[in-house]
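Asks: okay, structure incoming, though there's no sequence with it:
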DNA sequence: ATAGTGACCGCGT
DNA sequence: AACGCGGCCACTA
C-alpha cells in the first residue's frame, strides 16, 4: 500500500450509499485529473473485506469496469442495486447518481435550512 | 533506473 | 452507438 492508494481509499470511503463516482472523478478530486487508471489500480489493491465502498466507483460511461472478473462484476452491480442504483442496459445514469464530491460541513445556519 | 501493466478516458472512425 | 487507439499516471518486478 502506498500513500496514493490510501488517499484514494479515504476519498472513496466518503461516497454515500446510493451514489456513484467515476475513476476519473476521484482522480480529479485528488488533484490528478489524468490518473483515472491509477485509481482503478488502487482500488484493486484493497484487501478483501475492507469497509471501503469500492463498488460505488464506475467508469465514465456509467458502466462497470470489471470485465475480466465476471463474478466481481456481478457483485458490484448487485451491491449498487441493493442501494437503490438502477441500471438501464448495463449502465447507470451519471446525471442522476453521480456523487457531487465531498462537501465541507455546512455552516450552522445553513444546516437549519437543510431541515426544511 | 527502467520497462511493463492496468477496475481509465476522450476523441476520431 | 460501438470500437479502436494513443496517451496518462502510479505501481511493480
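Replies: All right, it came through fine. Nothing here was measured: the structure is a model prediction, and the numbers come from that model. Residues are numbered from 1 along each chain as shown, chains lettered A, B, ... in the order given.

Asks: the helix ranked longest in chain A: what's the following helix or strand?
Replies: When chain A is parsed with DSSP state H, its longest helix is helix A:70-82. Counting by DSSP states H and E, the element after helix A:70-82 in chain order, helix or strand, is helix A:94-97.

Asks: for chain A, what lies in contact range of DNA strand B?
Replies: When proximity is defined as Cβ under 7 Å from any atom of the strand, chain A approaches DNA strand B at A:22-25, A:36-41, A:43-44, A:46, A:54-55, A:57, A:59-61, A:65-68, A:72, A:76. From N, CA and C alone the C-beta is placed, and that goes for glycine too.

Asks: mind checking which of the residues you listed are in helices?
Replies: Per DSSP H, the residues of chain A next to DNA strand B map to helices at A:23-25, A:36-41, A:43-44, A:72, A:76.

Asks: just the buried ones out of the residues you listed, please.
Replies: A:23, A:24, A:25, A:36, A:38, A:39, A:40, A:43, A:72, A:76 (16 or more other Cβ atoms under 10 Å).
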